[in-house]
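Chemist: coordinates for the following, if possible.
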Amino acid sequence: MTDKPILLWLRRDLRLADHPALHAAAASGRPVIPVVIRDAALDRLGAAARWRMGQALAHFDARLQGLGSRLVLRSGPALEVLRGLVAETGAATILWSRAYDGASVELGRRVKDWAKAHDITAKSYNGSLLFEPWEVTTATGGPYRVFTPFWRAVKDRPVPDPVQAPSQLRPPTHWPDSEILGSWRLSEGVGRGAEVLARHALVGEERARSRFAAFLAGPVARYATDRDMLALPGCSGMSEPLTYGEVSPRLLWHLAQGKPGAEAFLRQLVWRDFAWQLFFHRPDMAEENWREGWDGFPWRGDNAQALAWKQGRSGVPLVDAAMRELYVTGRMHNRARMVSASYLTKHLLTDWRVGLRWFADCLTDWDEAANAMGWQWVAGTGPDAAPFFRVFNPETQAVRFDPEGRYRRRWIAEGEAAPTQTALSYFDAVPRSWALDPKAPRPEPALPLAEGRQRALAAYAAHRT
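Modeler: You can find the predicted model right below:
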């Protein structure tokens, strides 16, 4: 047993530092076989997230090679692949980081049940959250539904210290066969947009750590206010590396401790935990209204105005800038996410799931729980939701959070005498079938903002009665 290999099953935990499963595997002194499986969960990722996962895997494989190891890539149902690798390699242990969506929770149970029946050690670790979904409960023992009490319950709790990165990984005597990453064609869905996305991606543990160090050296002190200013570099940029586990939240938590202004940032890390607690207890949160009574609301499905919204051609400058930032970078400023989501669900009365699916296809920092939580919050259907009468006005939001128009000019080319390169790059990224031209006139809004607001309030009020 002491020399039998360990299968280290990797998913969204592509880092060396503060990786509990990897740390345990390395500390055992036994041969370690890092495995990534292309299963249904990976194939369900949207186009941008699949592309970004490919970048993450290529980078992490190179890092493992620096430790004398490498990735083994296999395709198929995860349990079937793991069973096959145990038979091929004689592995006696399977280690992995837990995931908290319903399908992953069930898969973890099945792997452990199979392992137990075949005298295989199977152990999972918390590798992606500060606190696991069952660790923080209300006085009655249930999950929190409102963020502020959740924050109060955890802000002074100790967070375990990060574990060290291994200096080497013992390889097996014989490596099992591996598929070639390029054969997975993970870039296929983004087409010609891949080259544009690559200019903005923050790939790998080293770059994430460097970016966060720069954030702590200055911007964190102004984070509480600057994070809402659309044209300022006031955000941490950690949503993308957190998504692929290129950095751990508890490492960020400990690095930020004691920095002036850090509490506002730490709240955002806890917000991420809060979203996953909700998702764990309601695995259908990305598909069904959280609150009762919303299933009969007269949402519109996909429609022509929603298509214009997706294409950044709603005619509302702030909304269009946000949607173009999304398509070019694979990310969107959080303030812009709220405004663009409110416009779709309230001004256009379009089902929040239409927007959720578009974001899932376009975001490189796509987080299933945070995405679902955000859309239901804006739509008013979720726990801790914005009140139904909150309708973000894109014009007043622009005046407040982009007063000089720099964010809008950064992303909108039409009507500009000298468009920015970032604005023009949108036309290099979008499908040619959209037939968009940066020299075309700006589109007109589908309806006046005041009229859209009143229509939304009337529909919400009628539904509530």
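Chemist: which stretches of the stretch 1-150 of the chain form strands?
Modeler: 6-10, 32-38, 72-75, 93-97, 121-125 (DSSP state E, counting those that start in this stretch).
Chemist: please name the strands paired to the first one in the sheet, noting orientation.
Modeler: Right, strand 6-10. The pairing partners recorded for strand 6-10 under DSSP bridges are strand 32-38 (parallel), strand 93-97 (parallel).
Chemist: pLDDT of the last one, averaged?
Modeler: What that stands for is strand 93-97. Average pLDDT, strand 93-97: 98.
Chemist: what are the buried residues along it?
Modeler: 93-97 (16 or more other CB atoms under 10 Å). All C-beta atoms are positioned from the backbone trio N, CA, C, and that covers glycine.
Chemist: cool, stretch 381-393 as well?
Modeler: Quick answer for stretch 381-393 (16+ other CB under 10 Å): 381-386, 388, 391-393.
Chemist: looking at those, which are in helices?
Modeler: Judged by DSSP state H, those include no members of helices.
Chemist: which among these gets closest to Met332?
Modeler: When those are compared for distance to Met332 (CB to CB), Phe392 wins out at 14.2 Å.
Chemist: what backbone torsions are found at Arg353?
Modeler: phi -70, psi -20 (degrees, to the nearest 10).
Chemist: that one contacts Glu287, correct?
Modeler: Yes - here Arg353 lies in contact with Glu287, judged by CB atoms under 8 Å, at a distance of 7.1 Å.
Chemist: between those two, which has more neighbouring residues?
Modeler: Neighbour totals were compared for Arg353 and Glu287, and Arg353 leads with 21 against 10 (other CB atoms under 10 Å).
Chemist: could you measure from that one over to Tyr100?
Modeler: Arg353 sits 21 Å away from Tyr100, taking CB to CB, to the nearest Å as the criterion.
Chemist: where do the helices of the stretch 51-200 of the chain begin and end?
Modeler: 78-89, 102-117, 147-154, 193-198 (DSSP state H, counting those that start in this stretch).
Chemist: any buried residues in the worst-scoring helix or strand of the chain on mean pLDDT, and which?
Modeler: Using mean pLDDT, DSSP states H and E, the weakest-scoring helix or strand in the chain turns out to be helix 449-464, at a mean of 92. Going by neighbour count (16+ other CB under 10 Å), the buried part of helix 449-464 is 449, 452-453, 455-456, 459-460.
Chemist: picking that back up, mind putting the helices of the stretch 51-200 of the chain in TSV, mean neighbour count, distance to Asp320 and mean pLDDT included?
Modeler: Listed next are the helices of the stretch 51-200 of the chain as TSV, based on neighbours: other CB atoms under 10 Å; distance: least, CB to CB, whole Å; pLDDT from 0 to 100:
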stretch	mean neighbour count	distance to Asp320	mean pLDDT
helix 78-89	18	40	98
helix 102-117	15	35	98
helix 147-154	16	30	96
helix 193-198	19	17	96
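Chemist: will you turn those helices into TSV that also has distance to Arg432?
Modeler: What follows is the helices of the stretch 51-200 of the chain, written out as TSV (distance: least, CB to CB, whole Å):
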stretch	distance to Arg432
helix 78-89	37
helix 102-117	35
helix 147-154	43
helix 193-198	11
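Chemist: relative to Leu186, how far out is the residue nearest to Ala198 when sequence neighbours are not counted?
Modeler: Leaving aside its chain neighbours, Ala198 sits nearest to Gln55 (7.6 Å; criterion: CB to CB, 6 or more residues apart in numbering). Gln55 sits 9 Å away from Leu186, going by CB to CB.
Chemist: who's more crowded, the two?
Modeler: Neighbour count, other CB under 10 Å: between Gln55 and Leu186, Leu186 has more, with 25 against 20.
Chemist: pLDDT wise, what is the more buried one at?
Modeler: For Leu186, the pLDDT comes out at 98.
Chemist: okay but it is in contact with Ala56, surely?
Modeler: No - contact criterion CB under 8 Å: Leu186 and Ala56 do not qualify, at 9.9 Å.
Chemist: ok so, going back, which one, of the strands of the stretch 1-150 of the chain, ends up nearest to Ser239?
Modeler: Per CB to CB, nearest to Ser239 of the strands of the stretch 1-150 of the chain: strand 93-97, 18.3 Å.
Chemist: gap between the closest one and the chain center?
Modeler: Its chain's C-alpha centre and that of strand 93-97 lie 23 Å apart, by CA atoms, centre = their mean, to the nearest Å.
Chemist: check stretch 171-191 too.
Modeler: The chain centre lies 23 Å from the centre of stretch 171-191; the measure is CA atoms, centre = their mean.
Chemist: same question for stretch 131-147.
Modeler: Worked out by CA atoms, centre = their mean, stretch 131-147 lies 22 Å from the chain centre.
Chemist: domain ranges for the protein?
Modeler: For the chain, automatic domain parsing gives the domain ranges 1-127, 304-464.
Chemist: can you redo the ones you listed as JSON lines with distance to Lys259?
Modeler: Listed next are the domains of the chain as JSON lines, based on distance: least, CB to CB, whole Å:
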{"stretch": "domain 1-127", "distance to Lys259": "18"}
{"stretch": "domain 304-464", "distance to Lys259": "20"}
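Chemist: who wins for proximity to Asp228 among those?
Modeler: domain 304-464 (4.9 Å).
Chemist: run a quick neighbour tally on Pro403.
Modeler: Neighbours around Pro403, by other CB under 10 Å: 12.
Chemist: name the SS class of it, please.
Modeler: coil (DSSP: H, G, I helix; E, B strand; the rest coil).
Chemist: please begin residue numbering at 47 from this point
Modeler: All right, first residue 47 from here; so that's Pro449.
Chemist: how near is it to Ala277?
Modeler: For Pro449, the distance to Ala277 - CB to CB - is 9 Å.
Chemist: go on, Gly304?
Modeler: Counting by CB to CB, the gap from Gly304 to Ala277 is 29 Å.
Chemist: the two: which is more packed in?
Modeler: The neighbour comparison of Gly304 against Ala277 (other CB under 10 Å) goes to Ala277, with 16 against 7.
Chemist: next, the more buried one: secondary structure please.
Modeler: From three-state DSSP, the assignment for Ala277 is coil.
Chemist: just the pLDDT at it, thanks.
Modeler: Model confidence at Ala277, given as pLDDT, is 97.
Chemist: which residues of the stretch 397-511 of the chain score low on pLDDT?
Modeler: 511 (pLDDT under 70).
Chemist: contacts only, for the residue nearest to Ala73 when sequence neighbours are not counted.
Modeler: Nearest non-adjacent residue to Ala73, counting by CB to CB, 6+ apart: Pro212, 7.8 Å away. Listed by CB atoms under 8 Å, 6 or more residues apart in numbering, the contact set of Pro212 reads 62, 68-69, 72-73, 113.
Chemist: re the thing from before, in JSON lines: the buried residues of strand 139-143, plus distance to Arg120.
Modeler: Converted to JSON lines, those look like this (distance: CB to CB, whole Å):
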{"residue": "Thr139", "distance to Arg120": "18"}
{"residue": "Ile140", "distance to Arg120": "13"}
{"residue": "Leu141", "distance to Arg120": "16"}
{"residue": "Trp142", "distance to Arg120": "14"}
{"residue": "Ser143", "distance to Arg120": "18"}
